[in-house]
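K.L.:
give the three-dimensional model of this entry:
(2 chains)
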Amino acid sequence: MTDVLTDAAGSGAAAPPPAVSAHEITKRFGATTALSEVSVSIQAGTTHALVGRNGAGKSTLVSVLTGLQRADEGTVAFGGAPAPAPSDRDGWRRQVACVYQRSTIIPALSVAENLFLNRQTDGGPIKWGGLRRRAGALLEEYGVDVDPGALAGDLNVEQRQLVEIARALSLGTRFIILDEPTARLDATAIERLFGRMRTLAAAGVTMLFISHHLREVYEVCDTVTVLRDARWVLTEPVSAVGHDALVAAMTGEAVKLTEVAPRSVPDAPPVLSLRALTLGDAYTGIDLDLRPGEMVGVTGSGSSGKVSLAETLGGLRRADSGSVSVSGSAVGVGVPAALRAGIGLVPEDRHREGLVPLLSVAENATLPIGDRLGPAGVVVPRRRTAVAEEMVRRYDIRTESAAAPVASLSGGNAQKVVLARALSTDPRVLVLINPTAGVDVRSKESLLGAVRSAADQGTGVLMVSDELDDLRHCDRVLVMFHGRVTATLSRGWDDAQVVAAVEGVTSEGASS
Amino acid sequence: MTTTAPVSPPEAPVARRRLTGPRLARMRDLALVPAIIVLVLVGALIDPVFLSSANITNVLQQQTELSLLVLAEAIILIGGRFDLSLESTVGLAPALAVALVIPAASNGIGTEWASYLAIPLCLLVGLAVGAFNGLLILRFGLSAFIVTLGMLIVLRGLQIGITGGQNLFELPMSVLYLGNAVWLGLPASIWICGILFAIGIAVLGFFRHGRAVYAIGGNRDAARAAGIRVDRVMWTVFIVGGLLAALAGLLMTGRLGSVAAAQGDGMIFTVFAAAVIGGVSMEGGKGTLFGALCGVIVLGLINNILTLAGVSAQWIQAIYGLIILVALMLARLTTGKAQD
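P.N.:
Purely as a prediction, here's the structure:
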């Protein structure tokens, strides 16, 4: 396997030892095996992708590679030398840094202090002015344009990641693990991140890149390793493995994801109408008619106002002016009014707005329909269980039982619970925000399948998403730019059109 | 590992945002200074006695015990935990120390240890309470709220059990000294308090271990990832908290000349009020000791002004509580953020 990689890196005959190598790592947690004899080695200066479905063992491998967990069997080496002892945190930190999905920045402290956390001074009192200057020089060195005196909590996601990367590099670390760095970035920020990754790779930094978006793997990585069910499946140069082959390696079967069966929408009066809907600096003058059974995609950059628009429809925000009506009658303000009008929402952040983690799958899925599960506000447990079990079956939710806490589910299955809940009220309009973010390939498919079948039964679907794979299911796609709908693409668009419109470089079909 | 040359920025850097965050935070620390000035002016208008050095000294000395507790609580809050049991330590630590040295005839236990042991014993009790809190919260992972609420009740009960619910009057001289001594024209307790706050401000503002407390309160996982020994630091913080509470008890005992059975009872609410008014966040990671000190001074001045203004004793508590609420609302307005 190492041979394959050496070839991939193209570093010729006398190859130096790999920057990182994990040899036959096995890790068990009680009865479950999280990793089984997995070997990965990465040449210095290359960017290596690690892909696999949720639960394939990616995060366990990351924690073994960062020294947070100790492998039961197997060894880790950095640049040919064995890894530091498990207790030697500083030794590990010099070898490897990880930019996690969950930020390890401390919001209440300044950027400068975050950069030099726990090494603000070599002894004696901290000199704040000097610390800020050192931080400024460091940020400048890595081209991160952030004020070192700013509070870290005021940075956006992108800036925070850059600060974390700069911190890792300043420790002398030349191996960085990026754990789904793109999950919360918009398209332009992702492009900038990729540009930066290429520059770092050119400067000899080795990276392990984890993402659910195979497109990104092709764009920025040199080699790819696929894990499935705790086992190593393949390691190849990305140029040598096709998209479908990669998906097949991840799922263990051939899946055609990018092909979408055509569908037709019956002509009918609109179920959802927006007229001149405006909210402050989020969006302006949005007009939209959504027919029953129609699927409309909305996309745009992070500042386009698309999420605010969807949240307004779900009742989480209040528009300044304009009207929203469902089947001709105006919708009031607030979530209860939106639910009464028949608008179901799959919110953006399933952990924060979507689910109550400690409650069971059944309780989470039936939260909005408690009044239908028994007389006078009583929730009859048997009836709830019956309804929930039906949902588990229909939406293919992989859970021990409907009584298991939702926190025990993987990301994709948790999202299915959110979708089940949104559909539990039999809404006339279903609004989804990034429904497949952070979700593995198979779950993505069953989520989109469930949305489609709801649409086939006459629900109007409005899907806000950055995912071209999601948008492909839509009958038309609206592109928003700075709060306005600037393009409407009907079925048959190609990727370049969407990307161009999102960047605001086309006025094709502009409505304003 | 071929080159470690600096990496130049790719095209289109992030738009530069000049943020005023820390400057605002620093303003927040000074936010109470105008309030203190206003209170001093109001006090001077209400009664000329207010500005007399005797009154000012009196106000400050009365606040020393409270301020030591606020110092302890503020550090613990900044570390993201809290400790309700401090107020019981204020009573138990001196009571137990005194009971061990005085004769049984004066409500002592009867051990009659040498009286010079009283102060070390008192501090040792505080240290032990802090260490025990730390053990339960950090090692056994129990909720800080429940643990310290339990300790609040247990420690108070221990004090009543040991002293038989009696006040202790016949105190050794060493115990009385700190609460009464005058150094360079100011009561010793004010000196002690001032010095401890200065040390606290310096350590939390300018030393690595002090900044570690902020890091832990702000994001425990991040602090751990940065190599900070989270549990060890917090354990130290709990022990320092217990020590400060015992010292506060010692000062109070000396000032009042006895250990009351209910010494320290109910103080914890004022402690939290002072800390929060002073800008210390209940969520951890935010606030400064200087702000907390200002919070103590504001509460002390308000109390003094109410007394000087002749507000009847029956109403003082309600007004005092109301003013705390108003101060919190003002703090909410000035920071513009929901309070944690």
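K.L.:
low-confidence ranges in the chain?
P.N.:
In the absence of a named chain, this looks at chain A. A:1-15, A:31, A:54-55, A:252-259, A:503-512 (pLDDT under 70).
K.L.:
that's the wrong chain, I meant chain B
P.N.:
The low-confidence ranges in chain B, as defined by pLDDT under 70, are B:1-29, B:331-332, B:334-340.
K.L.:
center of it, which residue is that?
P.N.:
Nearest residue to the geometric centre of chain B (CA atoms, centre = their mean): B:Val70, 1.7 Å.
K.L.:
need the contact list for that one.
P.N.:
By CB atoms under 8 Å, 6 or more residues apart in numbering or on different chains, the residues touching B:Val70 are B:271, B:274-275, B:278, B:292-293, B:295-296. Glycine gets a C-beta too; all of them are placed from N, C-alpha and C.
K.L.:
pick out the most distant pair among these.
P.N.:
By the measure CB to CB, B:Val271 and B:Leu293 form the most distant pair in these, at 12.6 Å.
K.L.:
neighbour count for the two, which is higher?
P.N.:
Set B:Val271 next to B:Leu293 and count neighbours by other CB atoms under 10 Å in any protein chain shown: B:Val271 wins out with 32 against 24.
K.L.:
doesn't that one fall inside a helix?
P.N.:
Yes. Under DSSP: H, G, I helix; E, B strand; the rest coil, B:Val271 falls within a helix.
K.L.:
was I right about it contacting B:Ser67?
P.N.:
No. Using CB atoms under 8 Å, B:Val271 is not in contact with B:Ser67, being 9.4 Å away.
K.L.:
now do the helices in the stretch 1-150 of chain A.
P.N.:
Per DSSP state H, counting those that start in this stretch, the stretch 1-150 of chain A carries helices over the ranges A:2-9, A:58-65, A:89-95, A:111-115, A:128-141.
K.L.:
list the helices and strands the fourth one packs on?
P.N.:
Judged by 3 or more CB pairs under 8 Å, 6 or more residues apart in numbering or on different chains; DSSP states H and E, the packing partners of helix A:111-115 are helix A:128-141, helix A:157-170.
K.L.:
the third one too?
P.N.:
Packed against helix A:89-95, as judged by 3+ CB pairs under 8 Å, 6+ apart, are no other helices or strands.
K.L.:
can you rerun that using 10 Å?
P.N.:
For helix A:89-95, the packing partners by 3 or more CB pairs under 10 Å, 6 or more residues apart in numbering or on different chains; DSSP states H and E come out as strand A:73-78, helix B:220-225.
K.L.:
buried deepest among these, which one?
P.N.:
Greatest average neighbour count among the helices and strands packed on helix A:89-95 goes to helix B:220-225 (a mean of 20), per mean count of other CB atoms under 10 Å in any protein chain shown.
K.L.:
from the chain's centre, how far out does that one sit?
P.N.:
Counting by CA atoms, centre = their mean, to the nearest Å, helix B:220-225 is centred 26 Å from the centre of its parent chain.
K.L.:
and the residue of chain A nearest chain B?
P.N.:
Among all residues of chain A, A:Gly143 sits closest to chain B, at 2.4 Å; criterion: CB to the nearest CB.
K.L.:
just give me the neighbour total for that residue.
P.N.:
Counted with other CB under 10 Å, A:Gly143 comes out at 17.
K.L.:
in contact with A:Gly412, which residues?
P.N.:
A:53-55, A:212, A:396-398, A:436, A:438-447 (CB atoms under 10 Å, 6 or more residues apart in numbering or on different chains).
K.L.:
on that earlier part again, A:Ser239: which of the helices and strands packed on helix A:89-95 is closest?
P.N.:
Nearest to A:Ser239 among these is strand A:73-78 (26.7 Å), distances taken as CB to CB.
K.L.:
any idea how far B:Gly165 is from B:Arg156?
P.N.:
11 Å (CB to CB, to the nearest Å).
K.L.:
where does A:Ser446 sit: helix, strand or coil?
P.N.:
For A:Ser446, the assignment made with three-state DSSP gives helix.
K.L.:
show me the contacts for it.
P.N.:
Here A:Ser446 is in contact with A:395-398, A:412-413, A:415-416, A:419, A:439 (CB under 10 Å, 6+ apart).
K.L.:
go with 6 Å
P.N.:
Going by CB atoms under 6 Å, 6 or more residues apart in numbering or on different chains, A:Ser446 touches A:Asp396.
K.L.:
and if you look at A:Ala455?
P.N.:
A:293, A:295, A:461.
K.L.:
most neighbours among those residues, please name it.
P.N.:
Of these, with other CB under 10 Å as the count, A:Met295 tops at 28 neighbours.
K.L.:
which residues does that one form a beta bridge with?
P.N.:
The partner list for A:Met295 in beta bridges (DSSP bridges) reads A:Val461.
K.L.:
in stretch A:207-215, what counts as buried?
P.N.:
Burial within stretch A:207-215, assessed by neighbour count using 16 or more other CB atoms under 10 Å in any protein chain shown, is assigned to A:207-214.
K.L.:
for those, which one is nearest A:Val378?
P.N.:
Among those, and counting by CB to CB, the member closest to A:Val378 is A:His212, at 41.5 Å.
K.L.:
residues from the stretch 151-300 of chain B in reach of chain A?
P.N.:
Residues of the stretch 151-300 of chain B lying close to chain A by CB under 6 Å from any CB of the partner chain are B:206, B:208, B:211, B:215, B:218-219, B:222, B:225-228, B:285-286.
K.L.:
which ChimeraX command selects the buried ones in those?
P.N.:
Here is the ChimeraX command that selects the buried residues among these (16+ other CB under 10 Å):
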select /B:206,208,211,215,218,219,222,225,226,228,285,286
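K.L.:
and the residues of the stretch 151-300 of chain B next to chain A as TSV, adding distance to B:Ile37?
P.N.:
What follows is these, written out as TSV (distance: CB to CB, whole Å):
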residue	distance to B:Ile37
B:Phe206	27
B:Arg208	35
B:Arg211	31
B:Ala215	34
B:Gly218	32
B:Asn219	36
B:Ala222	39
B:Ala225	43
B:Ala226	40
B:Gly227	43
B:Ile228	39
B:Gly285	29
B:Lys286	24
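K.L.:
who has more neighbours out of B:Arg156 and B:Gly165?
P.N.:
Neighbour count, other CB under 10 Å: between B:Arg156 and B:Gly165, B:Arg156 has more, with 21 against 11.
K.L.:
report the contact partners of that one.
P.N.:
Listed by CB under 6 Å, 6+ apart, the contact set of B:Arg156 reads B:Ser88.
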